[in-house]
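Novice: let's see this in three dimensions:
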Amino acid sequence: MEVKKETHPFKTEVQQLMNIIIHSLYSHREIFLRELISNASDAIDKLRFKTQTEPELLGDDTEFKIRITADKKKRTLEIADNGIGMTHDEVVENIGTIAKSGTAGFLESVGAAGREGAVTPELIGQFGVGFYSAFIVADKVTLITRAAGSESATKWESAGDGSYTIEGADKKTRGTTVLLKLKKAEKDEADFTEEWTIRGIVKKHSDFVAYPIVMDVEKTEPVLDKEGKPQEDKTEKVIREETLNSMKAIWSKNKKDVADEEYNEFYSHISHDWNPPLAHLHLKLEGATEYSALLYIPAKAPFDLFSQEQKHGIQLYSKRVFIMENCKELMPRYLAFVKGVVDAPDLNLNVSREILQQDALVRNIRKNLVKKILDLLAEMEPEKYETFYAEFGPIFKAGISEDFDNKEKIASLLRYKTTRSDGKYSSLADYVGRMKPDQKEIYYITGDNLTALLNSPHLEQLKEKDLEVLLMTDPIDEWVIRDLHEFEKKSFRSAEKGDLDLEKVDDAKKEEYAPLFDFIKSRLEEKIKEVKPSTHLKDSVACLSGEAYEMSAYLEKILKAGGQDVPKTKRVLELNMNHPLLAGIKALYEKDKDAASLTDYTDLLFDMAVIAEGGKLENPSRFSKLLGDLMAGAIDG
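Specialist: This next block holds a predicted model:
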C-alpha cells in the first residue's frame with residue numbers, strides 16, 4: 001500500500017536537540033560519516049544474523065557492502081547499504097522521533113557544554129542520535145529504505161527546520177540510502193565531496209568495519225592492445241570501485257601488531273564514544289576452549305548506567321560472523337559497562353539467548369573474562385583506578401552481592417573515603433593496616449552526604465578515640481555491608497547502630513538521670529522506643545541510633561524513596577549526660593516536674609537529633625518558634 005506524503009513537526013525537545021547538533025557541533029564535523037557508516041554496518045549485521053534462519057531474505061544480493069557516492073557539482077554525499085532496511089513503522093519509530101530514551105539525557109548533558117563552547121562529539125554516539133549528526137554538514141537529509149522481505153520502500157526527509165516528511169518511495173533493492181545535501185564548505189574546512197577527505201575519514205574512524213566500504217574512484221590506466229598488453233604512452237581515465245577499509249578483525253591479530261591508535265579507533269567504532277578508553281584487554285585463548293576477546297574499560301560512564309534500559313557492551317561473534325550485540329551472558333551486570341568483542345569459533349551461529357545461558361563454553365568464557373577484567377582493574381595505576389572508581393564504583397560494588405566466586409577480589413577493589421583520608425579514597429586493606437592494635441572491627445557509617453557524615457554526632461566518641469570510620473555514600477553500600485560481613489577476618493560495625501562499647505557508662509550518673517529519661521520517653525513514646533545514655537556522643541547533646549540488627553536510617557530512606565512500604569521503625573534517643581544543656585534540663589525537672597517548658601525542651605532534643613542526622617522535621621515551624629523563644633529568653637536574661 002502506497003503511503004501518502006505526510007509532514008510532521010518535531011517535538012519541542014527534539015527541535016532543541018536538532019538546534020544543538022546543527023549549530024554547536026563544529027569541532028569534529030567528520031564524525032557524521034563515522035556514525036552513518038556504523039549504522040550501515042549494524043544494519044548488515046542484523047540481516048546477516050537473520051538470514052541464518054531465513055536465507056531467502058538475501059535473494060540474489062549476497063555481497064554485503066557499504067557504498068559511498070560523492071557528487072562535487074551537486075554537492076551531495078550518499079551512504080548506502082544492503083542491510084536489513086526498515087519498514088514505514090520502523091522509520092517512524094527509529095528516525096522520526098529521534099532516540100526517545102536518549103533525548104532528555106542528551107539535552108541535560110549538553111547544557112553546560114553548550115555554554116562552554118562546542119558540544120563534545122562523544123555525546124552524539126552515546127545518546128543514540130548518531131543519524132542526526134548528518135545535519136552538522138548537511139542542509140537537507142533524505143533517507144530511503146526498504147526492509148528485507150518487503151515490497152515497499154519509505155522516504156524520510158528533513159531540512160532540520162522543525163519538521164520532516166515521510167512518504168512511500170521506489171527502491172529496487174533492500175537496504176538504506178542516506179543522501180546528504182551538503183552545506184557549502186567554508187575556507188579551511190574539509191570538503192566532504194573530495195576523495196582524499198573521504199578516504200582519510202574512513203581510514204581513521206571506520207577501517208575496522210567488517211564489510212567493504214566502497215567508492216567509485218577515477219583512475220588513469222594504460223590502454224591495452226588486443227593482446228591485453230599496455231600500449232606505450234597511451235592512457236585513459238576509468239572509473240573503478242575501490243574498497244577504502246582494511247576490514248581486518250583487530251581482535252584476531254597478534255596484540256604486538258596492533259598500535260594504541262588502532263585500539264582506540266576500534267573502541268570508538270564499537271562504542272560510539274569519542275573519549276579514549278581507560279584500558280583495554282586483548283586475549284586469544286587456544287586449546288580446549290578457544291576464543292578471542294578485545295575488551296575495553298571506558299573512561300566515562302554512559303548516561304544510562306543505572307537505567308533499566310542500559311545495554312551490555314559485549315558483541316558476540318563466531319568465526320568473525322556477528323551473532324548478537326548486548327550479550328548479557330558473557331558479562332555480569334556489575335561489569336555491564338565493559339565494551340568489546342568476543343569471537344568464539346565453536347559457537348553455533350543459530351545460538352539463542354536461552355541456549356547461551358546453558359552453554360558450558362559460554363559459562364567458561366564468562367568466568368575467564370571476569371577474572372581477567374578484575375585482574376586488569378587490580379593492576380591499574382592508583383590514579384587511573386580512582387578515575388575508574390569515581391565513574392563506575394556504584395555499579396561495580398554490586399558485584400559483592402552478585403558474584404560470590406569473586407567476592408574477595410571485588411572487596412579488595414572497593415574504595416572509600418574515611419574520617420582520616422583527607423578526601424581521598426582508601427582501600428579496605430589500607431584501612432585494616434591503619435587499625436589500632438586493640439581494634440577488632442571496621443567502623444563505618446552510611447548516608448547520602450559526605451559532609452554530613454564527616455560531621456555526624458555518631459562519630460564523636462570514635463574521633464575522640466582516634467578510630468577511623470569508612471564513609472559510605474552510595475545507596476548500594478547498604479547491600480555491600482549486608483553481604484560482605486567481614487574483610488581480612490575483621491567484621492564491620494556500624495557507627496550509628498547499637499552500643500559502641502568504647503568506654504564504660506557511669507552507672508551512678510545513669511541512675512541520677514533515670515527519672516528525666518523516663519519523663520522524656522513518656523513524652524516521645526510514639527516516636528522512640530527508648531531513651532538511654534549515649535555511647536556515641538562527645539560534644540553534641542542528642543542523637544538517634546538503631547539497634548544493631550535493625551536497618552539503618554539511610555536504608556529506610558532509600559527504600560521509601562523507591563516506593564517500598566517500609567514499616568515505621570522507632571529508634572533510640574541517645575542523650576549525652578556530660579552536656580551542660582542536659583544538666584540544666586535535669587535541674588529544671590527536679591525543681592518542677594510540671595514545668596511547661598520541659599515538654600518544649602523534650603521536643604527540641606528530639607528535633608535536634610533528627611536534624612543532626614540530616615532528617616526532616618515533622619513540624620519545622622514549631623521547632624523554629626521554640627528555638628526563637630529560647631534565644632530571646634537567653635538574651636533577655
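
Novice: output the contacting helices and strands for the longest strand belonging to the chain.
Specialist: Longest strand in the chain, counting residues (DSSP state E): strand 230-243. If you count contacts as 3 or more CB pairs under 8 Å, 6 or more residues apart in numbering; DSSP states H and E, strand 230-243 packs onto strand 213-224. In short, each C-beta sits where N, CA and C put it, glycine included.

Novice: quickly run through the sheet partners of the strand it packs on, with directions.
Specialist: strand 66-71 (parallel), strand 230-243 (antiparallel) (DSSP bridges).

Novice: re earlier: send me the longest strand of the chain as PDB with only the CA atoms.
Specialist: Provided in PDB are the C-alpha atoms of strand 230-243 (Å, rounded to 0.1, in the frame of the first residue of the first chain):
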ATOM      1  CA  PRO A 230      49.800  -1.800 -22.300                       C
ATOM      2  CA  GLN A 231      50.300   0.400 -25.300                       C
ATOM      3  CA  GLU A 232      53.200   2.800 -24.900                       C
ATOM      4  CA  ASP A 233      52.200   6.400 -24.000                       C
ATOM      5  CA  LYS A 234      48.500   5.700 -24.200                       C
ATOM      6  CA  THR A 235      46.400   6.100 -21.100                       C
ATOM      7  CA  GLU A 236      42.700   6.500 -20.400                       C
ATOM      8  CA  LYS A 237      40.600   7.600 -17.400                       C
ATOM      9  CA  VAL A 238      38.400   4.900 -16.000                       C
ATOM     10  CA  ILE A 239      36.100   4.500 -13.000                       C
ATOM     11  CA  ARG A 240      36.900   1.600 -10.700                       C
ATOM     12  CA  GLU A 241      35.200   0.500  -7.500                       C
ATOM     13  CA  GLU A 242      37.700   0.600  -4.700                       C
ATOM     14  CA  THR A 243      37.500  -0.700  -1.100                       C
END
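
Novice: quick one on the thing from earlier: would you single out the least confident of the strands paired with strand 213-224?
Specialist: Lowest mean pLDDT within the strands paired with strand 213-224: strand 230-243, a mean of 86.

Novice: give me the contact list for that strand.
Specialist: Residues outside strand 230-243 that contact it (CB atoms under 8 Å, 6 or more residues apart in numbering): 212-225.

Novice: looking at those residues, state which has the most neighbours.
Specialist: Using other CB atoms under 10 Å as the neighbour criterion, I213 leads the contacts of strand 230-243 with 25 neighbours.

Novice: quick one: that one and I37 touch, right?
Specialist: Yes: using CB atoms under 8 Å, I213 is in contact with I37, at 6.3 Å.

Novice: next, show the common contact partners of these two.
Specialist: I66, V202, S206.

Novice: most neighbours, which of those residues?
Specialist: I66 (28 neighbours).

Novice: report the outermost residue of this structure with respect to its centre.
Specialist: Distance from the C-alpha centroid of the chain, by CA atoms, centre = their mean, peaks at K226 (64.9 Å).

Novice: phi first, then psi, for it.
Specialist: phi -60, psi -30 (degrees, to the nearest 10).

Novice: tell me the pLDDT at it?
Specialist: Value for K226, per-residue pLDDT: 79.

Novice: tell me the spacing between it and E54.
Specialist: 48 Å (CB to CB, to the nearest Å).

Novice: what's the answer for K203, then?
Specialist: Distance from K203 to E54, by CB to CB: 35 Å.

Novice: who's more crowded, the two?
Specialist: Using other CB under 10 Å, the more surrounded residue of K203 and E54 is K203, with 14 against 11.

Novice: residues in contact with the more buried one?
Specialist: L244, N245.

Novice: so it lies in a helix, does it not?
Specialist: Yes: applying DSSP: H, G, I helix; E, B strand; the rest coil, one finds K203 inside a helix.

Novice: can you pull the pLDDT of it?
Specialist: 84.

Novice: and for the one 3 residues further on?
Specialist: With respect to pLDDT, S206 scores 82.

Novice: now it. Nearest residue, chain neighbours left out?
Specialist: Once flanking residues are discounted, S206 sits nearest to I37: 4.7 Å by CB to CB, 6 or more residues apart in numbering.

Novice: surely that neighbour meets I79?
Specialist: Yes: taking contacts as CB under 8 Å, I37 lies within contact range of I79: 6.6 Å.

Novice: which residues do the two both contact?
Specialist: I66.

Novice: following the helix or strand of the chain with the lowest mean pLDDT, which helix or strand comes up?
Specialist: Least confident helix or strand of the chain, by mean pLDDT, DSSP states H and E, is helix 122-126 with a mean of 41. Scanning forward in sequence from helix 122-126 by DSSP states H and E, the next helix or strand is strand 138-146.

Novice: buried residues in that following strand?
Specialist: Neighbour counts over strand 138-146 (16 or more other CB atoms under 10 Å) mark A138, K140, V141, T142, L143, I144, T145, R146 as buried.

Novice: what's the first-to-last distance across stretch 490-508?
Specialist: 34 Å (CA to CA, to the nearest Å).

Novice: likewise stretch 292-311?
Specialist: 22 Å.

Novice: and T197, that's in a helix?
Specialist: Yes: using three-state DSSP, the assignment for T197 is a helix.

Novice: and the pLDDT at the nearest residue to it once chain neighbours are set aside?
Specialist: What sits nearest to T197 in space, not counting adjacent residues and going by CB to CB, 6+ apart, is A190, at 5.0 Å. If you check A190, the pLDDT there is 86.

Novice: surely A190 meets I198?
Specialist: No: distance between A190 and I198: 9.6 Å, which falls outside the contact criterion (CB under 8 Å).

Novice: which SSE is E525 in?
Specialist: Applying DSSP H and E, one finds E525 in no helix or strand.

Novice: I37: which element?
Specialist: Judged by DSSP H and E, I37 forms part of helix 31-50.

Novice: so how far is that helix off the chain centroid?
Specialist: The chain centroid and the centroid of helix 31-50 are separated by 23 Å under CA atoms, centre = their mean, to the nearest Å.

Novice: what helices or strands is that helix leaning on?
Specialist: Where contact means 3+ CB pairs under 8 Å, 6+ apart, helix 31-50 is packed against strand 66-71, strand 76-81, helix 122-126, strand 175-182, helix 195-205, helix 260-271, strand 321-324.

Novice: could I get the ones you listed as CSV with distance to D565?
Specialist: Converted to CSV, the helices and strands packed on helix 31-50 look like this (distance: least, CB to CB, whole Å):
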stretch, distance to D565
strand 66-71, 54
strand 76-81, 52
helix 122-126, 37
strand 175-182, 49
helix 195-205, 52
helix 260-271, 40
strand 321-324, 39
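
Novice: right, and K586 touches L516 too?
Specialist: Yes: contact criterion CB under 8 Å: K586 and L516 qualify, at 5.1 Å.

Novice: spit out the contact partners of F396.
Specialist: Contacts of F396 by CB under 8 Å, 6+ apart are Y334, L335, Y389, I410, L413.

Novice: separation between it and L377?
Specialist: On the measure of CB to CB, F396 and L377 end up 8 Å apart.

Novice: what do these two both touch?
Specialist: L413.

Novice: what kind of secondary structure is F492 in?
Specialist: Classified using three-state DSSP, F492 is strand.

Novice: show me the contacts for it.
Specialist: Neighbours of F492 in contact, by CB under 8 Å, 6+ apart: E441, I442, Y444, I481, L484, H485, E486.

Novice: was I right to think the fourth one contacts Y444?
Specialist: Yes: contact criterion CB under 8 Å: I481 and Y444 qualify, at 6.6 Å.

Novice: and for those two, which residues touch both?
Specialist: Common neighbours of I481 and Y444 are listed as M472, F492, S494 (criterion: CB under 8 Å, 6+ apart).

Novice: skip the chain neighbours and tell me the closest residue to I44.
Specialist: G83 (3.9 Å).

Novice: so how many other residues sit close to the one you found?
Specialist: G83: 27 neighbours (other CB under 10 Å).
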